[in-house]
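[1] give me the fold of what follows.
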Amino acid sequence: MVRVSTRGSLSLAVSLACAAMATVTAQAQTADTPAVLSNVVVTASGTAVDIREAPASISVITREDIERKPVTSIAELLSTVPGVTGGLSGTGAQSKIRLRGLPEKYTLILVDGKRQGSSAAVNYRDDLGQQDLDWISPEMIERIEVVRGPMSSLYGSDAMGGVINIITRKIAKNWSGSSTINYSKPSDSERGDTRQLGFNISGPLSDKFGLRLGGNYTERASDEGNGGFPGSYQSTAGQRKQNFNALLNWQLTPDQVIGFEAGQGTQRATGSDRRLANGNQAIGQWGLSKLDHSNFGVSHEGRWGDVRSKLNLVHNKYEDKNDTVGNNSSETALDGRVDMPFKLFGLDQALTLGGQWRREQLDNRDTIGLAPIDYAGNPVTSSALSANTWALFGEDQIFLREDLALTLGLRMDHHAKYGNNWSPRAYLVYHPQAEWTLRGGVSRGFRAPGLKENSPSAATQSGGNGCRSLAGMGWTSSSINGDGTRGCYMVGNPDLQPETSTNFELGTSWDRNGWSLGTTYFHTNFKNKIDYQALGLYNGYWWTRMANVQSARTRGLEGSFKVPLAKNLEWNTNITKMLESKNLTTGASLLAVPKLTVYSSLQWRLQAAWSATLSLRHTGKELVTTGTATSFAKAYTTFDVSTNYHVNDTLTLRAGVVNVSDKQTRDLGSNYDNGGRTYFVGLTARF
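    Here you go, the predicted model:
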């Protein structure tokens, strides 16, 4: 049985009452209706372009998609996009989004085109924490643009796999806003329920100043018992996520605006200290017990005739507030760009020129200075790590003909340790007929080693699984290090080189009268892939360390289609097929991602104010690695049903069932729990 605290019930009741009061008041005011999706995208190139002209594989999640079902994590929305896997679980590795099968460290996450740093290095191991997607209220989001494939020519190191750009709602000309409340309850009484409250409000303070405020509170209760895992204690811990963001715009002139923004958020794991009667831990916690995120920034946007400029200074900090107080990472970035149209040799062109300076800092006393010495026998310190980088980049869209455009891009990143790295890109978009689009290109991606990866003083300790590669050198599970510990130390390496990739893609699409069909083939070759390699017994200690030891290749197909079956009935489907995901050095499978994923939905507008959606998600056979053993989890399919009813311009109600057939992934050999059948209700009030 799910327990709900008196305090929690009171909070929910107050929230519902506030929303109801806002609805009554709003009936006399101008409605802030959901915005209609623009076909213009801003992430795939230096300048804003129509999505059919975008020189990249890009998908857009609309405001309507966001409002259809409760969004307890933005990863749930992203998992519906072709080329995207993950977002299938509330916690664990499968809660994270992967673009074209690449782990989350290869994906750059932006908010309104601005970097928000990463909390990964604050954890004991970088892959053990949450992905940084949920530091902003879903109520503040206008749309999400997802670019798949290397975008290092524009965005640098972290965009080797692609870019997720969360674009927020603009400050309204008149005071208006919205508030959303959702409640979700699993059919299994031993699973925790989820409550969510979010709001967004904005308007003018004067003729020159505008203000936007937004916030979100999401709480998932802990599972009871052992969550149905016989003989284990792998239930899901509860989570509490809250954030608040503010933006103040100062309109200096009609063509010049300065923005000041700040935000603060906290993510907690709750209930993880409960114990079973036999003394085992009842709840498996994922990530840090309490992680804080704070950010502030200043920006300027200007128009100088046909020329536009942007300048952003942002600072993000992540701090462990519970497990090891003081562990923190921060990133400060200053970037600017100028966009200008011009004509050369009779050809219209759009040129973007820009630069970036960035400083990263990390203080993690769980890993930095953990080993008593480094593998060379030198003493190590627990001092913070830091790195500075700067970059220059340019991109030119050349309109060769009315139906043919060539995009050329080049970025030079300078790293204090690794020198200069060049990332070129070339992409063609061609319309042989009005309905047809052919696109394709080649791009180079790179990722500089992280602060832990390139430091010999940063170590984690393995009890055995991370030491298996040492077995051929004499290591056994009973081997003892010089400090009396068993296992081995897994450390960074100052001699690493950046990982690089070369990506090829070719796609075609057809759009006519509401019908659309598209497919893209992608092929990526990796060099200098970084992973742990056996080092051996040095100075009385067993070591593995990071090394550029592998080459790899991934290939796949992405497809989508939209069919208007009837006047008010539309069928949308996205498909991702991984053709190859191989470590060329070892011959092993490189990535534990499904071979086939399908997301398909029927959207039916029963009446002008009433709509319903039936969606299907198929997750194909997937490689699962436990220690040194590998197996395949079975494929499975789930169904969701949801409905939305617009009572009036100010009130929308929603309800539905997620995973109608109650398909349980833990019964199929998977290494994650998808949560089972869940019922939800919610409302959005606009005022």
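
[2] in this protein, which residue is closest to the centre?
    By CA atoms, centre = their mean, the chain has its centre lying nearest to residue 133, at 4.9 Å.

[3] and the residue nearest to residue 219 when sequence neighbours are not counted, which of the three is it?
    Computed as CB to CB, 6 or more residues apart in numbering, the closest residue to residue 219 that is not its neighbour in sequence is residue 240, at 4.8 Å. Using the backbone N, CA and C atoms, a C-beta is placed for each residue, glycine as well. When classified by DSSP: H, G, I helix; E, B strand; the rest coil, residue 240 comes out as strand.

[4] one more: residue 370?
    What three-state DSSP gives for residue 370 is coil.

[5] list the contacts of it.
    Contacts for residue 370 (CB atoms under 8 Å, 6 or more residues apart in numbering) come out as 458, 459, 460, 461, 489.

[6] which parts of the helix or strand containing the fourth one are buried?
    Read that as residue 461. Taking DSSP states H and E as the criterion, residue 461 maps to strand 459-462. Neighbour counts over strand 459-462 (16 or more other CB atoms under 10 Å) mark 459, 460, 461, 462 as buried.

[7] what do you get for stretch 517-537?
    518-524, 526-530, 532, 534-537.

[8] filter these down to the ones in strands?
    518-524, 526-530, 532, 534-537 (DSSP state E).

[9] for the stretch 501-650 of the chain, give me the ranges with low pLDDT.
    Low-confidence segments of the stretch 501-650 of the chain, defined by pLDDT under 70: 590-592, 625-629.

[10] could you work out the most separated pair of the contacts of residue 370?
    458 and 461 (11.9 Å; CB to CB).

[11] so in terms of bridging, what pairs with residue 500?
    Per DSSP bridges, residues listed as beta-bridge partners of residue 500: residue 446, residue 527.

[12] how many other residues sit next to it?
    20 (other CB atoms under 10 Å).

[13] just residue 606 next, same as before
    Quick note: residue 606 (other CB under 10 Å) scores 12 neighbours.

[14] next one: residue 614
    17.

[15] just residue 313 next, same as before
    For residue 313, using other CB under 10 Å, the count is 16.

[16] kindly report the same for the one 3 residues further on.
    Around residue 316 there are 24 other residues, counting by other CB under 10 Å.

[17] over to residue 207?
    Residue 207 has 7 nearby residues by other CB under 10 Å.

[18] for it, give me phi and psi.
    phi -70, psi -10 (degrees, to the nearest 10).

[19] now do the one 10 residues further on
    For residue 217, the backbone dihedrals (degrees, to the nearest 10) come out as phi -140, psi 120.

[20] could you check how far the closest residue to residue 125 other than its chain neighbours is from residue 147?
    Leaving aside its sequence neighbours, residue 125 sits nearest to residue 460 (CB to CB, 6+ apart; 5.6 Å). To residue 147, residue 460 is 32 Å away according to CB to CB, to the nearest Å.

[21] now swap in residue 607 and tell me
    To residue 147, residue 607 is 36 Å away according to CB to CB.

[22] of these two, who's got more company?
    Comparing residue 607 with residue 147 by other CB under 10 Å, the one with more neighbours is residue 147, at 28 against 9.

[23] follow-up on the earlier one: can you name the next helix or strand after the strand holding residue 461?
    strand 488-491.

[24] list the strands paired with that following strand, with their directions.
    strand 459-462 (antiparallel), strand 541-566 (parallel).

[25] and those as TSV, adding distance to residue 219?
    Shown next, in TSV, are these (distance: least, CB to CB, whole Å):
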stretch	distance to residue 219
strand 459-462	31
strand 541-566	35
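
[26] of all these, which gets the most neighbours per residue?
    The highest average neighbour count among those, using mean count of other CB atoms under 10 Å, belongs to strand 459-462 at a mean of 22.

[27] what is the rounded mean pLDDT of that strand?
    Across strand 459-462, the average pLDDT comes to 90.

[28] send me that strand as CSV with only the CA atoms.
    Extracted as CSV, the C-alpha positions of strand 459-462 are listed here (Å, rounded to 0.1, in the frame of the first residue of the first chain):
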residue,chain,number,x,y,z
ALA,A,459,40.5,7.2,-8.8
THR,A,460,37.6,4.9,-8.0
GLN,A,461,38.0,1.6,-6.3
SER,A,462,36.6,-1.6,-7.7
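
[29] which residues are contacting it?
    124-125, 367, 370-371, 466, 485, 487-492, 544.

[30] which residue packs closest to residue 416, ignoring adjacent ones?
    Looking at residue 416 with CB to CB, 6+ apart, the closest residue is residue 388, at 5.2 Å.

[31] surely residue 105 is within a helix?
    Yes - assessed by three-state DSSP, residue 105 belongs to a helix.

[32] how near is it to residue 57?
    20 Å.

[33] the more surrounded of the two?
    For residue 105 versus residue 57, neighbours defined as other CB under 10 Å are more numerous around residue 57 (23 against 20).

[34] next up, the contacts around the more buried one.
    83, 147, 148, 149, 505, 507, 520, 522, 558.

[35] any weak-confidence spans in the stretch 1-150 of the chain?
    1-38.

[36] could you pull out the strands for the stretch 151-300 of the chain?
    162-168, 176-186, 194-204, 209-220, 235-236, 238-253, 256-270, 283-284, 290-304 (DSSP state E, counting those that start in this stretch).

[37] what would those strands look like in a markdown table with mean neighbour count?
    Shown next, in a markdown table, are the strands of the stretch 151-300 of the chain (neighbours: other CB atoms under 10 Å):
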| stretch | mean neighbour count |
| --- | --- |
| strand 162-168 | 24 |
| strand 176-186 | 21 |
| strand 194-204 | 22 |
| strand 209-220 | 21 |
| strand 235-236 | 26 |
| strand 238-253 | 18 |
| strand 256-270 | 18 |
| strand 283-284 | 22 |
| strand 290-304 | 18 |
